[in-house]
Structures are given as C-alpha cells and as structure tokens.
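> coords please:
(4 chains)
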There are 2 protein chains.
Amino acid sequence: MSKALIIDDEQQMRRLLRMLLESRGYEVCEADEGQRGLQEAAFHRPDVVLLDLGLPGLGGLEVLKRLREWSDVPVLILSVRDQEATKVQALEIGADDYVTKPFGSAELLARLDVIQRRRGPRHTPEIIAGALKVDLLHHEAQIGDEALKLTPTEFALLKVLTEHAGRIVTQNQIVKQVWPGQSSDPSEGLRVHINHLRKKLGDRGVRIVNEPGIGYRLETE
Amino acid sequence: MSKALIIDDEQQMRRLLRMLLESRGYEVCEADEGQRGLQEAAFHRPDVVLLDLGLPGLGGLEVLKRLREWSDVPVLILSVRDQEATKVQALEIGADDYVTKPFGSAELLARLDVIQRRRGPRHTPEIIAGALKVDLLHHEAQIGDEALKLTPTEFALLKVLTEHAGRIVTQNQIVKQVWPGQSSDPSEGLRVHINHLRKKLGDRGVRIVNEPGIGYRLETE
DNA sequence: TCTCAGCGTGAAGAAGCTGTGAAGCTCGCA
DNA sequence: TGCGAGCTTCACAGCTTCTTCACGCTGAGA
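A predicted model of the protein is given here:
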C-alpha cells in the first residue's frame, strides 16, 4: 500500500484529495505549509507527494527544491497557475508532473500511477530487520536465505511488526492495519495469528514478544 | 545524444516537432502511420517516442499497446482530444505523459526531459527463465526447442509471470498488466487463463504455482 | 490461597479462494 | 449468414485460510 503526502494550504482541497487517494487505497498524510511538509516527508517517507505551488511562507517551488536535495520521491505539482514558464520551471527543478486546478479526479489518479510506475521496476520496496526481510512488492518474507510461507493475514501482521521492529506496537495499531475498516473486534483472532506466525518464524533469531496489556514487539538478534 | 521517434500523420506537425527536437540536440526519426511507427521503434530503438493519438489505420492507443508489449521506452502522447477518459486510458495503457495540442514548446521539451529522467529503457525483446524463452517482439514462446501455441491473453499472462520468474506476482499486478485500463474485474477470468496456460505448459519443467489469497509464481527447474 | 485479566493453544465450523468443465458471447472472416 | 477462435461468465466441488470457541496457564493483587 502506498503512502501519499499532501502539501496544500487549503483545507477544502486537502480533504478532497484525501478522499480521492484513500478511495484508491493510499495511506494519506497532510501538511498545510511548506516547512511542515518537508518535515512530514522526512518522517513518513511517502511514496508520492502532491504539492501545491501557491503555498504561503515557503513557496511550492522552494519546497520542491529542498526536497530534491535529499529525496527522489515522485512529486506531482498542483497549481491554479497555467503559465508555461512556471510549469517548465517546476519540471526542471525536479517535479514529475504538473496538473492545473481544477483537475479531473480520474486523470489525477492516472497520472499518480504513472509517476510511481516510472520509478523503475528494479526498485522493490522492502523492510529489513536483522536477518528478516519483508518484500512488499512480491508479498514474500525470508529469514536469512530461507523463504517463509505466509498467508495474507500473517504477512500483513509481520509487515506491521517489522515496520516498527524493536518497538512496541499496540494491539489497536495492529488491528487497524491488518483488518482495516473492520467493525467487530478481531483482537481475539490476533492471538491466533500471532501464534501461527511464531511457529513459522521458528527459532531463527526473530521472535515476537508480548507486552502484557499493551501489544507486541518484534525482536531480532 | 538522445534519439526521438515522432509518429504523426500530419506533415506540418512532424516538421514542427522535428525542428523543436533537433534544436535541443535530439536525433529524430519519423513515421506517418502506426504500423510503420512500430517498425521504426524496433529498428531505431529510440530513447523517447512522441505519439499522436489521431492516427489513421492503426490508432494511437493500439500502437501504444503493442509497443508496450516489448518496450519500456518513454512515450509522450500528443493529441487534440482533451477528454479526461481518453487521457486516463492512454496513461493506464502505459503512456508517460499526455499533452494536448496546441502546446507550448518549452513545456513539451520540459516534459520530455522529465519522462526520460527516470527510466532506463528495457531493450531486451526476450525474457528467459530456465528452459522457457519468451520472445516479445515476435510474440512467441518456447520451452527448450518446442514452440508453444498461445493466444494473446495467454501470452501476456506468461510474459508477466516470466518477468518475475521465481517470485510471487500478485493478482492485482497481473490483472493490471494483462488487462490494462479495465474497469470491470477480470480476476474471475484470470483463473481460466491460468488453467489454459498450465495445460499448454504441460509437464516440461515450467509450472505455475498458486499462492492462495495473493497471486501466482512461475517456477522453473 | 483465591480471583481475575490477559495470553497461548488446539480444534472445528465458516468463509473465502481456486481449479475446472461447459456454455454464452464477440469479432473477424469467408 | 454461418463459422471458428478466443474471451468471458457461470456453477460447483475441493481446498486453504480465517474466525470463533473452549480451555489451560501465568502472574499480579487482595
């Protein structure tokens, strides 16, 4: 699942974009101002950034320039300005696309797909913790050179734990990510899946530790 | 120096584009019709393609689709049509950008730079995995010396699996690549085509393994 | 020692997914 | 118009995975 960062000062627009992106399965974070946008980008490591040009304070182009100093993340510019010079400038600084408001939602989503697709097929997103490697693109996990055969739920569970390896993840956080949009409480089933996962991890230097009353923590040697 | 291929039926437009591109230092080749465009692409191996949608005969979208079967070359669509549905379709099939005529020349050049910035073209018209060879240019597949007689859908399916041979490809990824720009859900039919493909592969050291709830994996000996 | 909340574990039914044959549909072609 | 190849849809059996339940264990607190 991809993470998107919206940097736009208009709340209306942020809400619209959030709805659009979430309907596509994106995980969304927002910033209403340039400086904060850069912080969010550094913290959340989004897979794609939607950047408004007309920001107060630190302008959109300036944000883009600073972002490009340390990140290759695909950036789509949103702007009311339809002047060619502005577009060219943004694209030259390192934007991946430039869409003028108002825009069609389907086109926006399609262009988002394109700029992420273009990132290069060789780059496979993966999380590593000790000897454990979780390959998000191929839905595969392995310890050392040995592949783990996991069911979809077990994989999602391991992913959450590995993302925060070494730190406690609360049951609430786990349940929210593994069973999104669930109304009934699956924390009963969580125990069962933790059990299965532990068996499959075996005794190979990766273990799941319970923190009573709080949640679980993934430990590696 | 980059090579650019222009596929457009209007001579006026071709001349304009050629001037523009050559002023930027591109080496330019042209085609006035879709079929010829594909031949030129295979022969000259351009670094970027400018494709007009309104081609007579083989339409622009069809050209794009066929090109994408064996090449990752960046493609910029030029069109007089400004309808969102058309744009979305083109982008989903594999276009890298979509510019409506009339366009600003500086913007066009900037967008050309962008789409070349990221991707290294795949100029390998065949994929090999174990005893299996998939020839993308000629639409042929063979195991050992024995040719497989495949339908277009089966070929596309085998192509996706072979590109990631040994690794899981999710149903989502498969569907996106085999049925690009499809709105209805063909994952029902996916099972059927997998079934056909398995029968044609037979027992010759190449098999398709299901990973329940996730996708499929091509295994070779 | 008793009680109780939280956790681990096995088992079984429910729910969902896959393989497969067959029927219906579309489209190009003669 | 009829034909055939290929694609899609449907139904259903068999299998995998998920959920639920029951029960035992442990450690903290009274």
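
> domain assignment for chain A?
If the domains of chain A are taken from automatic domain parsing, they occupy A:3-117, A:126-220, with pieces of a single domain joined by a plus sign.

> List, one by one, the residues from chain A near DNA strand C.
Within chain A, the residues that sit near DNA strand C (C-beta under 7 Å from any atom of the strand) are A:171, A:191-192, A:194-195, A:198, A:210-214. Quick note: C-beta positions are derived from backbone N, CA and C, even for glycine.

> repeat that with 6 Å
Contacts of chain A with DNA strand C, taken as C-beta under 6 Å from any atom of the strand, map to A:191-192, A:194-195, A:198, A:210, A:212-213.

> any chance of these in TSV, plus pLDDT?
Formatted as TSV, the residues of chain A next to DNA strand C follow (pLDDT from 0 to 100):
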residue	pLDDT
A:191	93
A:192	94
A:194	96
A:195	95
A:198	94
A:210	93
A:212	89
A:213	86
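
> So what's the residue count around the closest residue to residue A:27 other than its chain neighbours?
Distances taken as C-beta to C-beta, 6 or more residues apart in numbering or on different chains place residue A:3 nearest to residue A:27, at 4.7 Å, with adjacent residues excluded. Applying other C-beta atoms under 10 Å in any protein chain shown, we find 16 residues neighbouring residue A:3.

> Tell me how many other residues surround residue A:112.
Applying other C-beta under 10 Å, we find 25 residues neighbouring residue A:112.

> Ok, residue A:22 next?
The burial metric for residue A:22, expressed as a neighbour count using other C-beta under 10 Å, is 12.

> by contact count, what packs against whichever strand or helix holds it?
Take DSSP states H and E as the rule and residue A:22 turns out to sit in helix A:11-23. Secondary structure elements in contact with helix A:11-23, counted by 3 or more C-beta pairs under 8 Å, 6 or more residues apart in numbering or on different chains; DSSP states H and E, are strand A:3-7, strand A:27-31, helix A:105-117.

> before we move on, the earlier item: for residue A:77, see how far away the residue nearest to residue A:27 is.
According to C-beta to C-beta, to the nearest Å, residue A:3 and residue A:77 sit 19 Å apart.

> Quick one: mean pLDDT over stretch A:170-183.
For stretch A:170-183, mean pLDDT is 85.

> ugh, typo on my part, it should be stretch A:151-162
Within the predicted structure, the mean pLDDT of stretch A:151-162 is 95.

> With stretch A:130-142 instead?
Mean predicted confidence for stretch A:130-142 is 92.

> Can you check which helix is longest in chain A?
If each helix of chain A is counted by residues according to DSSP state H, the longest one is helix A:187-201.

> CA atoms only: put that helix into CSV for me.
Listed next in CSV are the C-alpha coordinates belonging to helix A:187-201 (Å, rounded to 0.1, in the frame of the first residue of the first chain):
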residue,chain,number,x,y,z
SER,A,187,-8.2,-8.8,18.6
GLU,A,188,-9.4,-12.3,19.6
GLY,A,189,-8.1,-13.6,16.3
LEU,A,190,-4.9,-11.7,16.7
ARG,A,191,-3.7,-14.1,19.3
VAL,A,192,-4.2,-17.0,16.9
HIS,A,193,-2.3,-15.4,14.1
ILE,A,194,0.5,-14.4,16.4
ASN,A,195,0.7,-18.0,17.4
HIS,A,196,0.9,-19.2,13.8
LEU,A,197,3.4,-16.6,12.9
ARG,A,198,5.6,-17.6,15.8
LYS,A,199,5.6,-21.2,14.7
LYS,A,200,6.6,-20.2,11.2
LEU,A,201,9.4,-17.9,12.4
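
> Distance from the chain centre to the helix or strand following that helix, please.
Per DSSP H and E, the first helix or strand lying C-terminal to helix A:187-201 is strand A:206-211. Distance, stretch centre to chain centre, for strand A:206-211: 24 Å (C-alpha atoms, centre = their mean, to the nearest Å).

> With stretch A:82-93 instead?
Stretch A:82-93 has its average C-alpha position 27 Å from the chain's average C-alpha position, going by C-alpha atoms, centre = their mean.

> quick one: low-confidence ranges for chain A?
Confidence mapping of chain A against pLDDT under 70 gives the ranges A:1, A:119-124, A:183-186.

> Kindly report the residues of it close to chain B.
With C-beta under 8 Å from any C-beta of the partner chain as the criterion, chain A comes near chain B at residues A:84-85, A:87-88, A:91-92, A:95-97, A:104, A:106-107, A:109-111, A:113-114, A:118-121, A:138-140, A:151-152, A:155.

> which of those residues are buried?
Buried residues within the residues of chain A next to chain B, counting neighbours by 16 or more other C-beta atoms under 10 Å in any protein chain shown: A:87-88, A:91, A:95-97, A:106-107, A:109-111, A:113-114, A:118-119, A:138-140, A:151, A:155.

> any chance of the helices and strands packed on helix A:11-23 in JSON lines, with distance to DNA strand D too?
Formatted as JSON lines, the helices and strands packed on helix A:11-23 follow (distance: least, C-beta to the nearest atom of the strand, whole Å):
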{"stretch": "strand A:3-7", "distance to DNA strand D": "23"}
{"stretch": "strand A:27-31", "distance to DNA strand D": "20"}
{"stretch": "helix A:105-117", "distance to DNA strand D": "20"}
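
> Pipe these into CSV and attach distance to residue A:163 per row.
Written out in CSV, the entries for those read as follows (distance: least, C-beta to C-beta, whole Å):
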stretch, distance to residue A:163
strand A:3-7, 11
strand A:27-31, 12
helix A:105-117, 20
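
> For residue A:20, give its distance to residue A:110.
Between residue A:20 and residue A:110 the distance, using C-beta to C-beta, works out to 12 Å.

> picking that back up, of the residues of chain A next to DNA strand C, grab the buried ones for ChimeraX.
This is how ChimeraX selects the buried members of the residues of chain A next to DNA strand C, with burial counted by 16+ other C-beta under 10 Å:
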select /A:194
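
> and stretch A:193-205, how far from the chain's centre?
The chain centroid and the centroid of stretch A:193-205 are separated by 26 Å under C-alpha atoms, centre = their mean.
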